[in-house]
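Colleague: how would this look folded up:
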Amino acid sequence: MRIGVLTGGGDCPGLNAVIRAIVRTGYYEYHDEVIGIRDGFAGLIRNRTHPLDMNRVSGIMPRGGTILGASNRDNPFDYAEHGNGGMTTTDVSDTVVENYHKNKLDCLIVIGGDGTLDIAHKFIAKGLNIIGIPKTIDNDLNATEVTFGFDTAVGTVVDALDKLHTTAESHHRIMVVEVMGRYAGWIAVASGIGGGAHIILIPEIPFDIDKIVQKIYERKGRGRHFTVIVVAEGATPAGGEMIVKRTVEGAPETMRLGGIGEQVATELEKLTNIEARCTVLGHIQRGGTPSAFDRILATRYGSAAVALAHEGKFDHMVALHSADIVPMPLSEALHKMKRVDLNGSHIKTVRMTGISFGD
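Modeller: Take a look at the predicted model:
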């Protein structure tokens, strides 16, 4: 087969491991040709492609990011272009179809999150053969237990929490750490458990600032004069709204969340008279060397995606279920965000070990 591969949406650790697995599986198992598409769907709009062979993928597994480049703005069905008259949007999906055939592709493997896979799913109706691979540090994609990139992001946050614990204890401070995740609290709750946070604030559970103060005073009464708080960027106070840092035209996710960590720190300092500092980890969570778990999962996903293509199971994505890699219809992964289950083991573990959700 002649297989195209693109990486869409935000970058995350493990993308290069997937690309490597696709090329190596194609080479050793099926004698395929693999064509790399530059910068997500933008590469099929502008026909920017190049062959991916064994030499091109040699040594890329430990590298963060993606050797193909990524884009979270170039939706072919609503493609934004800037001109003298401002920004206009047009449907250039037929151009993508044309370039798919120009490159003589038998299948397109699309690596991305909900937005990227939603775009890919629409091309099924235009006659393209699509296989999806789930990718997001947020771990919020439905139909799979885990997305690659999540484990590395959590590890980055835990490392930061370890460092912040020591300075918080030394100065008797409240340390607030704002993490990514958008509307799901997976990164916050997992890193909060792993990093020994005392309070975790997530979008799924609106928080009460007075309850947080109560927890801080409870710790102080036990002689613990510092508190470490993990705040998901989408966390909200009870009766309040998410804080939007800014909006970006032409992007699939127009709202850029951010600022809740600083707001929480400011309020707590006023209410407790304890010095509070906020650290926003931001895109540090997206970068760097992927963890062993993410390298292995990404490799398994990439290899399984090539196998699915040869089985003709298009309009599916690979997914992790009970330690096995299985095919799942793309439609089951889309338009339904996987949020932290309020009755799940993560929530139960947090509550049973005395960590507060601020509720």
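Colleague: rest of the way, CA atoms for contacts and neighbours
Modeller: OK.
Colleague: does residue 3 count as helix, strand or coil?
Modeller: Three-state assignment for residue 3 (DSSP: H, G, I helix; E, B strand; the rest coil): strand.
Colleague: can you pull out the helices in the stretch 1-150 of the chain?
Modeller: Using DSSP state H, counting those that start in this stretch, the helices of the stretch 1-150 of the chain run over residues 15-25, 42-45, 54-57, 93-102, 114-122, 150-171.
Colleague: so where is the stretch 151-300 of the chain shaky, pLDDT-wise?
Modeller: Flagging of the stretch 151-300 of the chain using pLDDT under 70 yields the residue ranges 245-255.
Colleague: re the thing from before, now mean neighbour count too, for the helices of the stretch 1-150 of the chain, in JSON lines please.
Modeller: As requested, the helices of the stretch 1-150 of the chain are exported to JSON lines (neighbours: other CA atoms under 10 Å):
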{"stretch": "helix 15-25", "mean neighbour count": "27"}
{"stretch": "helix 42-45", "mean neighbour count": "22"}
{"stretch": "helix 54-57", "mean neighbour count": "13"}
{"stretch": "helix 93-102", "mean neighbour count": "16"}
{"stretch": "helix 114-122", "mean neighbour count": "22"}
{"stretch": "helix 150-171", "mean neighbour count": "19"}
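Colleague: out of those helices, which gets nearest to residue 199?
Modeller: Each of those was scored for nearness to residue 199 using CA to CA, and the closest is helix 150-171 (12.2 Å).
Colleague: C-terminal to that closest one, what's the next element?
Modeller: Once helix 150-171 ends, the next helix or strand along the chain (criterion: DSSP states H and E) is strand 174-179.
Colleague: check which element follows that next one along the chain.
Modeller: Using DSSP H and E, the helix or strand that follows strand 174-179 in sequence is helix 186-194.
Colleague: alpha carbons of that next one, as CSV, please.
Modeller: Below are the C-alpha coordinates for helix 186-194, written out as CSV (Å, rounded to 0.1, in the frame of the first residue of the first chain):
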residue,chain,number,x,y,z
TRP,A,186,-7.4,14.3,33.9
ILE,A,187,-4.0,16.0,34.0
ALA,A,188,-4.8,17.8,37.2
VAL,A,189,-6.2,14.8,39.1
ALA,A,190,-3.5,12.4,38.0
SER,A,191,-0.6,14.7,38.6
GLY,A,192,-2.2,15.9,41.9
ILE,A,193,-2.3,12.3,43.1
GLY,A,194,1.2,11.5,41.8
